[in-house]
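> Next comes the sequence, and after it the predicted model I'd like to discuss.
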Amino acid sequence: MKILGLLLRNFGKFQNQKLRFESGINIIYGENESGKSTIHTFIKGMLFGIGRGRGRASVYDTYSIYEPWENPGYYSGILRFESGGKTFRIDRNFDKQNKKAELVCEDDGENLSIENGDLELLLGGMDLSGYDNTISVGQLKTRPDQSLAAALKEYATSCCASGNGDLRPEQAIQRLEEQKKTIDKEIREALYERQRQRETVEQEASFVWREIHRLEEEEEQIRERIRQAERTRREQGEHKRLVDEIRPAKWRIHPLEIVIFLIAIVAAIFLFQRPLNYFVVIVVFLACTVYVWNRMKVGKDKNQVSPEEIMEEILPEEERASVEKLGWELERTVREQKDKQIQYENLQEQLAEMDVVGEKDQVLEKKRQAVQMAIDKMNELSEELKLRLEKQLNEEAARIVCQITNQAYQRIRVEDNLHMFLVKEGKRIAMEQVSQGTAEQIWFALRMAAAGILQEEEMPVILDDAFGNYDDERLKSTLGWLDEHKKQVFIFTCQKREMKLLDEMGISYHLTEI
Amino acid sequence: MGASPDAGSAYSKKRSGELWDALAEVVRTCRREETELLLVAGDLFHRQPLLRELKEVGGMFASLEKTKVVLIAGNHDYIRQDSYYRTFHWSSNVTMLKEEKLECAEFPELNLAVYGLSYHSREIREARYEQERPRRRQKYEILLAHGGDENHIPIHKAALLAQGYDYVALGHIHKPQVLEENRMIYAGALEPVDTADCGPHGYVKGELDEKGCRTEFVSSAGREYRQIRIAVDKAMTGFQLREQICREIEAGGTQNIYKVRITGYRDPEIRFDLRGMDVYGNIVEMSDETKPAYAFEKLLMQNEENLLGSYIKSFLGAEENSVEYQALCLGVRALIDTRAE
């Protein structure tokens, strides 16, 4: 892009001021307060419009400062420039009532639209902050601000994607992260679903297991009852020992026993001498009585014990039948137990089969891996591109610094957030340690390097009293560099130093005096 | 029996009942056709049979007046220490070859001997069927065998054929397949019991006489697992895809159970929503294997210098079904979708 000329119809102190510019170095010379900065602001305003502050901020904003004192309704101007071999004209009216902005191609008369971004396209995508941070160097404002760092960072990865808008890797990564989250959720849901199925089977298994235990208990109870039945039968058996066997069941005392007792008593009378035999007879008699009485009592007790036993005693066939029934019960519980056991084991088998990872899980897992891989790769590549750009910026800036400072500083390092270091004789020197002049030269180099990288279309360089702190040598080198590398340069100055040096170096320039 | 396979949302619940119906149908067929011999080559049950299940099967077999039934236990329903197979009393027409060693059941009225053995454990790695030759006790000799893979009695086809059985009825593998025409056949599962059991299922019907054995496969399964592959192109939309799936299912029969694979290259802007596609409730699996129709080469040419270009370059040459390829598609899509307009 090349600025061909300006018409300040009514802007600040100027009225119908026409300016014409050439390729190469343009020097706009004027004394203090002659309006150099006004022209500078005018160019910026023409390219990007003049924003208005709000409320109190509006009192001293650019708009108010350059609002003409007379005829404020006529606050406007024209800027003609050449881009891509065609000549364009921007016609703006800054006045708040009659605000307008037109962009016309003078070659074919085509009316272009600033609102739709046609101007932006012609400027190679440069916006106001890009302009301020690179090509336009204001008075004592050499140092680019943080937005350049951000712009460079974004630039590192974005670049135009085949003319279809800029890539935004950070958003892309964010998108992928979201996808990963969705997949994670799907995996979780699949897991949950499997868990749910598992739980259903587990529940069934635990039900069967409880059933098994219930049956075991039942079995134990039946066994206990059978044991009891057998024990009572055995006890009865013990009671009926020898004598009982002889004795008819219905009789509590066998007649033979009574005969034996009588014989014993009679024998006692004869066997012992008097008077001892009386005593023995009494003792034997008492013993017999006690025995008989006991036998009678046993019979009585039996009549009074639990009704079950009465039943058993009364109906021995039924007793046998109930034991048999218990046996059947036992058999049933054992059978059921086995059935349940098999069922339980089948369910366990089913559970074990459920642990096998399904095809669906594998697909999801693969997709998850793919997303992760995409994220990693993208991060890696953006980092790589950033480093590559950093390197490019370092090299470019170093080349410029090297030339301007006449090889005093051969290397500079631009680190994160445009934190810069100089390298001189192998030592790192922070920017804060160097002189104001050197610092400005380094910032200048950085701006020029960044402009070279960021701008697709080469833009004119505008320097508004930027060389105040330069010594002659360095200024000479700087001017030499500008002449060599830039198509169009504007130098606003209130000194004749630049002209003198350019004359000395034999570089032609176009002078505009205000 | 005893399996509960996934058969899609509409059929899964009644599926295990349907498996019983299938056996009942075979028994009815035997009765109707007065079949002389019914062979069950193991794995009658998917797991250990319960007593009531055995009673049910026993009842079915007992109703066959003219048919002899010979069965063995397979690796799924192997004869465990406490298996009901040990104690169950089959009706007189049913013979179960329960031994772990090859044994023989003879049917003099049919001039037939059936050889076989039962599994007593989940796995048998010995090639037991080739260890013994048939004893030539009867005119016709049949081997009822189960397994055939490495862990379930390996079978060497040639060696087994050389043993001289008139017919070898094989079980274990669910998919019906003929190892040797008319001589050695896997009947397959009567009904498909696993989503992997694609294709027709049924039983093998055969006739054995002096002229040899002639068999035919009878497809009797009520439902089939079928795989349909739908190839999409760039013009296919989600609605069209759904329509096509419906059409294919209608053509293949809505009673069948489907596994749907969607392949091909789709419009990169479209993502198919698979949830609404199961119209008849008989799709058990659906996989979207489509790839976005990106022209990577062209994109790479246009974006040589930027992130998109280097991203594509870093995945260049990835196999189409690999994780890398998927990452490539996902990343490119994310980059293109998030472009600043």
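Right, received. Where do you want to start?

> mind checking the backbone torsions on the residue lying closest to A:Val104 once chain neighbours are set aside?
Sequence neighbours aside, A:Arg89 is the residue nearest to A:Val104 in space, at 4.9 Å (criterion: CB to CB, 6 or more residues apart in numbering or on different chains). (Glycine included, C-beta is placed from N, CA and C.) Backbone torsions of A:Arg89, given as degrees, to the nearest 10, read phi -130, psi 130.

> same question, B:Glu65
Dihedral angles (degrees, to the nearest 10) for B:Glu65: phi -80, psi -30.

> next one: B:Ile262
Torsion angles, degrees, to the nearest 10, at B:Ile262: phi -110, psi 120.

> so who does it touch?
B:Arg229, B:Ile230, B:Val232, B:Leu241, B:Phe272, B:Met286, B:Ser287, B:Asp288, B:Glu289, B:Thr290 (CB atoms under 8 Å, 6 or more residues apart in numbering or on different chains).

> My read is that the residue nearest to A:Val104 contacts A:Leu79, right?
Yes. Counting by CB atoms under 8 Å, A:Leu79 is a contact partner of A:Arg89 at 7.4 Å.

> Is the residue nearest to A:Val104 bridged to anything, and to what?
A:Arg89 forms beta bridges with A:Arg80, A:Val104, as assigned by DSSP bridges.

> remind me, longest helix of the chain?
Using chain A. When chain A is parsed with DSSP state H, its longest helix is helix A:169-239.

> that's the wrong chain, I wanted chain B
helix B:8-33.

> Name the residues of the lengthiest strand in chain A that are buried.
When chain A is parsed with DSSP state E, its longest strand is strand A:2-11. Burial within strand A:2-11, assessed by neighbour count using 16 or more other CB atoms under 10 Å in any protein chain shown, is assigned to A:Lys2, A:Ile3, A:Leu4, A:Leu6, A:Leu7, A:Leu8, A:Arg9, A:Asn10, A:Phe11.

> how about the helices of the stretch 201-350 of chain A, start to end?
Here the stretch 201-350 of chain A has its helices, by DSSP state H, counting those that start in this stretch, at A:242-246, A:255-271, A:276-304, A:307-314, A:316-354.

> near chain A, from the contacts of B:Ile262?
Contacts with chain A within these, as defined by CB under 8 Å from any CB of the partner chain: B:Ser287.

> Show me which of the contacts of B:Ile262 are buried.
Buried among those by 16+ other CB under 10 Å: B:Ile230, B:Val232, B:Leu241, B:Phe272, B:Met286, B:Asp288, B:Thr290.

> Domains of the chain: list them as residue ranges, please.
Unless you meant another one, I'm taking chain A. A:2-126+A:455-513, A:177-354 (automatic domain parsing).

> Hmm, no, I was thinking of chain B.
B:8-219, B:224-293, B:294-341.

> What sits closest to B:Ile155 if chain neighbours are left out?
Here the residue nearest B:Ile155, using CB to CB, 6+ apart, is B:Gly148, at 4.3 Å.

> what's across from the one you found in the sheet?
Assigned bridge partners for B:Gly148, using DSSP bridges, are B:Pro154.

> doesn't B:Ala169 make contact with it?
No. Between B:Gly148 and B:Ala169 there is no contact under CB under 8 Å: 12.0 Å.

> Report the mean confidence score over the longest helix of chain A.
Per-residue pLDDT over helix A:169-239 has a mean of 87.

> quick check, that helix touching chain B?
Yes. Helix A:169-239 lies within reach of chain B by CB under 8 Å from any CB, at A:Pro169, A:Gln171, A:Ala172, A:Ile173, A:Gln174, A:Arg175, A:Leu176, A:Gln179.

> Between A:Arg89 and A:Leu79, point out the one with more neighbours.
A:Leu79 (22 against 16; other CB atoms under 10 Å in any protein chain shown).

> low pLDDT regions in chain A?
Applying pLDDT under 70 to chain A picks out residues A:53-57, A:59, A:72-73, A:139-143, A:145-147, A:149-166, A:237-252, A:298-321, A:416-417.

> still on that earlier bit, any chance of the residues of helix A:169-239 next to chain B in JSON lines, plus distance to A:Val208 and neighbour count?
Shown next, in JSON lines, are the residues of helix A:169-239 next to chain B (distance: CB to CB, whole Å; neighbours: other CB atoms under 10 Å in any protein chain shown):
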{"residue": "A:Pro169", "distance to A:Val208": "57", "neighbour count": "25"}
{"residue": "A:Gln171", "distance to A:Val208": "55", "neighbour count": "15"}
{"residue": "A:Ala172", "distance to A:Val208": "54", "neighbour count": "28"}
{"residue": "A:Ile173", "distance to A:Val208": "52", "neighbour count": "20"}
{"residue": "A:Gln174", "distance to A:Val208": "51", "neighbour count": "14"}
{"residue": "A:Arg175", "distance to A:Val208": "50", "neighbour count": "21"}
{"residue": "A:Leu176", "distance to A:Val208": "47", "neighbour count": "27"}
{"residue": "A:Gln179", "distance to A:Val208": "43", "neighbour count": "19"}
